[in-house]
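>>> I'll drop the sequence and a predicted model, then ask my questions.
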Amino acid sequence: MITTLDLLASHPFLEDLPEPWLERLSYQGKRAVHHTGSRLFREGSRADRFWLIRDGRVALEFNVPGRGDIVIEQLGPGSVLGWSWMFPPYRWHFGAVSAEQTLSVELDGSGVRRLCDDDPALGYELTRRFSAVLVDRLQSARMRLVDLYGYPVQQAAG
């Protein structure tokens, strides 16, 4: 039988994490299934978890006044969903809806924060990895806004 530890160890986001850290993280995780169209979270609501996507797709969106919810990115297998659980005030900066049936490992944010507090090396490593996710999401949002509003992209002087 495949365990949560096995699922974490095989996910690209946690690649090369030492086994003791994976084991501790596994106690904060559980399998999750999200059916097509189900909302995982809404922008501005309490952020208390994150997901490692194994199969399926999740649409990330944000609300544009006068235009409604705009999809900025679709996340698929091997992606991580959610970083707002790491930073006060622990509110989602985007919304997320399952674009198709999605299988994931859901991890408890407050439990993982406690692990990070107890083991600063683990905390540093997860912060480093989530920082890369944060940069990627902000770049996607930026590019989607450029597409949406048709602003020309300026070339760097050089």
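Received it, and whenever you're ready, just let me know what you need.

>>> Give the buried residues for stretch 127-139.
Within stretch 127-139, the residues scored as buried using 16 or more other CB atoms under 10 Å are 129-130, 133-134, 137. No exception for glycine: its C-beta is placed from N, CA and C like everyone else's.

>>> and if you look at stretch 72-86?
Result for stretch 72-86 [16+ other CB under 10 Å]: buried residues 72-73, 75, 79-86.

>>> Just name the closest of those to H93, please.
S84 (5.5 Å; CB to CB).

>>> Check the gap between the closest one and V133 for me.
Distance, S84 to V133, by CB to CB, to the nearest Å: 11 Å.

>>> now P88
18 Å.

>>> in this protein, which residue is closest to the centre?
In the chain, the C-alpha nearest the mean C-alpha coordinate belongs to L81, at 1.9 Å (CA atoms, centre = their mean).

>>> for the nearest residue to that one once chain neighbours are set aside, which residues make a bridge with it?
In this structure, L81 finds its nearest non-sequential neighbour in W51, 4.3 Å apart by CB to CB, 6 or more residues apart in numbering. Assessed by DSSP bridges, W51 has beta-bridge partners L81, E106.

>>> Could you list which residues are in contact with W51?
32, 40, 58, 80-82, 104-107 (CB atoms under 8 Å, 6 or more residues apart in numbering).

>>> returning to what we had before: out of the buried residues of stretch 72-86, which comes closest to L145?
Distances from L145 to the buried residues of stretch 72-86, taken by CB to CB, are shortest for I72, at 8.2 Å.

>>> Look up how far M143 lies from that closest one.
I72 is 8 Å from M143, by CB to CB.

>>> what do those two both touch?
Counting by CB under 8 Å, 6+ apart, nothing touches both I72 and M143.
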